[in-house]
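Visitor: Below: sequence and its predicted model.
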Amino acid sequence: MTVRAAVAGASGYAGGEILRLLLQHPEAEIGALSANASAGQRLGEAQPHLLPLADRVLAPTTAEELAGHDVVFLALPHGQSAAVAEELGEGVLIVDCGADFRLVDPADWERFYGSPHAGTWPYGLPELPGARDALRGSTRVAVPGCYPTAVSLALFPAYAAGQAEPEAVITAASGTSGAGRGAKQRLLGSEVMGAMSPYGVGGGHRHTPEMIQNLSAVAGERVTVSFTPTLAPMPRGILATCSARARPGVTAAGLREAYDKALAGEPFARLLPEGQWPSTAAVLGSNAALIQVALDEAAGRIIAVSAIDNLTKGTAGGAVQSMNLALGLPEDLGLTTIGVAP
Ligand SMILES: NC(=O)C1=CN([C@@H]2O[C@H](COP(=O)(O)OP(=O)(O)OC[C@H]3O[C@@H](n4cnc5c(N)ncnc54)[C@H](OP(=O)(O)O)[C@@H]3O)[C@@H](O)[C@H]2O)C=CC1
Ligand SMILES: CC(=O)N[C@@H](CCC(=O)OP(=O)(O)O)C(=O)O
């Protein structure tokens with residue numbers, strides 16, 4: 001089965017990572033590549049690491065350029081996907097890496113993104129209960145945000161087993177590529193190198209409602225989330241440290257059993273051996289999510305930590321994994337858990 005794929009936003013970080021993965025996917029054939037201000041340029045100017053595509057010229061992002069493919073990946077700024085998707089119509093698989101179709105509640109969308117809600121598509125985190133079945137055969141996929149990917153994978157086993165109280169406190173460090181390519185003052189080398197800094201503190205980060213949505217669906221009750229993101233001086237990677245009060249009677253052995261059960265057979269979400277903790281260095285360029293959990297008995301809290309590559313499992317790898325499911329291909333086709341180290 002040959003899958004002809006177009007990538008809109010091919011000059012960006014997410015688009016570049018999708019192309020890196022598609023170049024290694026045995027069934028993918030790369031069709032149209034589009035961008036905005038860089039339309040007309042060679043892809044090699046924006047993505048010098050993608051040598052086989054270096055001479056391909058970026059087209060403008062229009063429905064005409066993106067038509068005639070089996071799958072269209074949208075790696076565009078928030079709010080740009082809905083119009084393109086509507087013009088492409090039914091009958092083509094659209095995998096949206098933006099936030100436009102992730103949230104169920106329009107009020108959440110309007111509050112955090114400030115525009116009318118476009119709708120809700122099947123959510124591209126197959127590891128969550130029920131998500132894999134919803135993705136099979138779907139023609140639409142909403143790829144999760146990078147932080148919600150890391151956090152949901154770290155905590156859902158505790159909520160699925162009814163072991164955590166419905167309040168989670170999360171701190172996550174992200175590499176700077178999470179912010180995309182656009183110039184932003186807080187991302188200047190002189191600001192980022194040698195420093196770690198929080199942002200979006202106090203419930204203001206737009207990924208908070210997405211985490212609440214995911215964890216509440218698994219818990220069967222509303223889970224509150226206090227989320228503090230921090231920017232780390234590295235290009236890629238997220239390390240999420242998540243904590244929730246343990247329900248009475250939870251033991252370290254019972255907690256580990258719950259994680260073992262929830263992650264059994266998962267090709268990419270892995271519970272590490274006891275005593276070994278996740279590190280972003282171990283997932284560089286890999287689609288793996290490494291997870292570890294402990295019970296802090298003195299504090300009565302569950303501590304779950306996950307590491308992902310924000311551009312791979314956190315975006316493009318999750319997008320390709322979901323594409324495979326939607327098209328009936330083996331879920332792990334073209335994806336790897338082998339990282340690059342040191
Ligand atoms: N970076 C990450 O870790 C993650 C990103 N995502 C999502 O992926 C999407 C892309 O992010 P990212 O690659 O980081 O961003 P970048 O800023 O690196 O890239 C944005 C891309 O969109 C294009 N573009 C910009 N404005 C428009 C427009 N008005 N119409 C059409 N195309 C446009 C740009 O083209 P040009 O270069 O020509 O301006 C570029 O190709 C976002 O929705 C982001 O939320 C999701 C999860 C994680
Ligand atoms: C470091 C950094 O700035 N990260 C981005 C999150 C990137 C991401 O995954 O989010 P979306 O797909 O929702 O844009 C941020 O905090 O806004």
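Guide: Sure, I can see it. Ligands and ions are numbered 1, 2, ... in the order given.
Visitor: can we go C-alpha only for contacts and neighbour counts from here?
Guide: Noted.
Visitor: Can you pull out the low-pLDDT segments for the stretch 151-300 of the chain?
Guide: By pLDDT under 70, the low-scoring segments of the stretch 151-300 of the chain are 183.
Visitor: Within range of ligand 1, give me the residues from it.
Guide: For the stretch 151-300 of the chain, the residues in contact with ligand 1 (C-alpha under 6 Å from any ligand atom) are 177-182.
Visitor: Can you list the buried residues in stretch 118-132?
Guide: Of all the residues in stretch 118-132, those buried under the rule 16 or more other C-alpha atoms under 10 Å are 118, 120-129, 132.
Visitor: report the longest helix in the chain, please.
Guide: In the chain, taking DSSP state H as the definition, the longest helix is helix 146-160.
Visitor: Give me the contact list for that helix.
Guide: 125, 127-128, 164, 170, 172, 178, 207-208, 210-211, 214-215, 218-219, 238-242, 255, 258-259, 262-263, 269, 289, 291-292, 304-308, 310-311, 313-315 (C-alpha atoms under 8 Å, 6 or more residues apart in numbering).
Visitor: now check that helix, is it near ligand 2?
Guide: Yes: judged by C-alpha under 6 Å from any ligand atom, helix 146-160 comes into contact with ligand 2 at Cys146.
Visitor: most surrounded residue in the residues of the stretch 151-300 of the chain next to ligand 1?
Guide: Most neighbours among these, by other C-alpha atoms under 10 Å: Gly178, with 22 neighbours.
Visitor: How about that residue, nearest residue that isn't a chain neighbour?
Guide: Excluding the flanking residues, the one nearest Gly178 by C-alpha to C-alpha, 6 or more residues apart in numbering is Asn310, at 6.5 Å.
Visitor: So that neighbour versus ligand 2, what's the distance?
Guide: Per C-alpha to the nearest ligand atom, to the nearest Å, Asn310 is found 7 Å from ligand 2.
Visitor: confidence score at that residue?
Guide: Here, the pLDDT recorded for Asn310 equals 98.
Visitor: Just give the number of residues close to it.
Guide: Neighbour count for Asn310, taken as other C-alpha under 10 Å: 33.
Visitor: Within the helices and strands, which one has it?
Guide: For Asn310, there is no host helix or strand (DSSP states H and E).
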